[in-house]
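Chemist: Quick one: sequence and predicted model below, then my questions.
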Amino acid sequence: MPLSARRRFELINWYPPFIGAGIRVTGIDAGFTTVTVGMKLRWWNKNIFGTQFGGALYMMCDPFFVAILMQNIGRDYIVWDKAASIRFLKPGRSDVRAVFHIPPDEIARVKAEADARGKSEPEYTADIVDRDGTVIATVQKTLYVRRKAAAPPR
């Protein structure tokens, strides 16, 4: 029996690197267009300055725009990360969270562009905020989307 979309999103909480970093998916909307992720500040994910480790901050953002688009665009498309950057703005001195959202009209636009042009390279941004709502880092992702090649006839 195939896993439901919600269950696949939830299973990432058992991904060993996420467990080790203290990263958890804390919310998924009904349409699978928004995912909220949190990371507690713990002794094992602090850097030498006692703040959130930068690699863990990026890791908490890595798969979610791709996952949202893959879930909503369908199995006939390939969705990959093409580029990513993170800009650290302030030290993360508390628990942090990030919200990843791709609106349905944007998903439709990407699909239409991939169909019309052969590919789409959308860019998305997410802020990582601390407990007080202060932006401590911004992640920008460029994705690559194209329709899968048709299977050759047998």
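Modeler: Nice, thanks for sending it over.
Chemist: Where do the strands of the protein begin and end?
Modeler: Taking DSSP state E as the test, the strands found in the chain are 23-28, 34-39, 77-88, 96-101, 123-130, 135-147.
Chemist: Just send those back as CSV, with mean pLDDT, distance to residue 17 and mean neighbour count too.
Modeler: In this view, the C-beta of every residue, glycine as well, is placed from N, C-alpha and C. Compiled in CSV, these are given as follows (pLDDT from 0 to 100; distance: least, Cβ to Cβ, whole Å; neighbours: other Cβ atoms under 10 Å):
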stretch, mean pLDDT, distance to residue 17, mean neighbour count
strand 23-28, 94, 8, 18
strand 34-39, 96, 12, 20
strand 77-88, 97, 16, 14
strand 96-101, 98, 16, 20
strand 123-130, 98, 17, 18
strand 135-147, 98, 17, 18
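Chemist: nearest to residue 51, of these?
Modeler: Between residue 51 and the strands of the chain, the shortest gap by Cβ to Cβ is with strand 135-147, which sits at 8.7 Å.
Chemist: tell me the angle that closest one makes with strand 123-130.
Modeler: Interaxial angle of strand 135-147 relative to strand 123-130 (axes from the mean of the first three to the mean of the last three Cα atoms, to 10 degrees): 150 degrees.
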